[in-house]
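# Okay, here's the prediction I keep looking at, along with the sequence it came from:
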Amino acid sequence: MFRKPISLILILVFALSFAQTEYETENNISYYPENIIKSDFYINSQCKLNFYYPTNAKNFPTVIWFHGGGLTGGNNELPKELLNENIAVVSVEYRLAPKVKAPAYIEDAAAATAWVFENIEKYGGNKNLIFESGHSAGGYLAMMITLDKKYLQKYKIDADQIAGLIPFSGQAITHFQIRKEQEIPELQPTIDQYAPLFHVRKDAPPIVLITGDRELELFGRYEENAYFARMLNLVKHPSVKLFEEDGFDHVSMSQPAFHLLIKEVRELTKKIKTQKNLQ
C-alpha cells in the first residue's frame, strides 16, 4: 500500500535533480557611491556594470569580467560563453583614455569589485567565490587590483579574499597605454608601479594565466606572462598555472580560454567549498 507515495517521491526527486537553473540580468548598475556619481559626469555615464546571476541557487561563484580594448575602447558585454554555467557574471564598463589617465581605470575596476563584495550575498552568491578575469586590457585590470592590494584596501577589502585571478592575455608589464601617457614608446618595456610584475607576492590568490600562441600574440604577451609565472614560482606562490594556446592569436585565443576559465572556476570553487564546508 506504500507503492504510490514512494513513486511520487521518486518522481519529485527525479524532477528536482533535473531542474534547470534560472537566471536574471540587471543592466546599467552604477557601482560608485551616489555622492561620487553626482559629482562626476563621466563616472555617472560610464561606470556601470551588467549583472547576470542564478535566481534559484545559493553559494554560487561569481566571475567579474573586464572587457579589452587597450584601455581606450571596447564593449561592455556579458560573454555568451559564461552564460548558463551555474555562475554569476559581472561585466564592467570603466573610464577610458584619453578622457582619463592612470590610475583612473584601475580604480574603476576596484570600485566595481567592491560593489560585488558588498552585494553578492544579497542575491545568494558567496563572497568567498569571487573570481577576477578579463581579456587583454581587461586582464591587465584584473591583475592590477589583485596584485596591488592598495586599490581594494580603499574599500576595506583584502585582495587575498579574491578566489582566483584568471586573465586572458593580460599585460604583465606596465600597460602600453600608460607608457604612452608617460611618453614612453609602446615597444619599450617598462616595469613600474603600474605593472603587475612589480607586485609579485607569494600570498596572492590562485593565478591562472592564459595567452595565445607566442608567435601570434600581441607584442610579447606570452613572454610577459611566462616571466610573471616564473617570478611567482620563485617567490613560492603555491598556485600558478600558465597556458599557451597553440595556433590562436591575441583575439581568437578568448574562445578556448573561456572553456579553461569555466574549468578553473569550477575546480577552485569545489576546493574552497570543501575547505569552508559550503554547500
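Thanks, I have it. Numbers count the residues shown, from 1 in each chain.

# So for stretch 198-208, mean pLDDT?
The predicted model assigns stretch 198-208 a mean pLDDT of 98.

# Quick check: end-to-end length of that stretch?
One end of stretch 198-208 to the other measures 18 Å (C-alpha to C-alpha, to the nearest Å).

# Contacts for that stretch, please.
144, 146-149, 159-166, 191-192, 228-229, 231-232, 235-241, 243, 260-261, 264, 268 (C-beta atoms under 8 Å, 6 or more residues apart in numbering). Placement of C-beta: from N, CA and C, glycine included.

# Name the residues of it that come out as buried.
Residues of stretch 198-208 classed as buried: 198-200, 204-208 (neighbour count, 16 or more other C-beta atoms under 10 Å).

# just curious, which of the residues you listed is nearest to Ser39?
His199 (30.0 Å; C-beta to C-beta).

# about what we covered before: same list (the buried residues of stretch 198-208) but as TSV, adding secondary structure and distance to Asn86.
As requested, these are exported to TSV (DSSP: H, G, I helix; E, B strand; the rest coil; distance: C-beta to C-beta, whole Å):
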residue	secondary structure	distance to Asn86
Phe198	helix	36
His199	helix	32
Val200	coil	33
Ala204	coil	26
Pro205	coil	21
Pro206	coil	20
Ile207	strand	23
Val208	strand	19
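
# Switch those residues over to JSON lines; also include distance to Asn44.
Listed next are the buried residues of stretch 198-208 as JSON lines, based on distance: C-beta to C-beta, whole Å:
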{"residue": "Phe198", "distance to Asn44": "32"}
{"residue": "His199", "distance to Asn44": "31"}
{"residue": "Val200", "distance to Asn44": "36"}
{"residue": "Ala204", "distance to Asn44": "33"}
{"residue": "Pro205", "distance to Asn44": "31"}
{"residue": "Pro206", "distance to Asn44": "35"}
{"residue": "Ile207", "distance to Asn44": "34"}
{"residue": "Val208", "distance to Asn44": "35"}
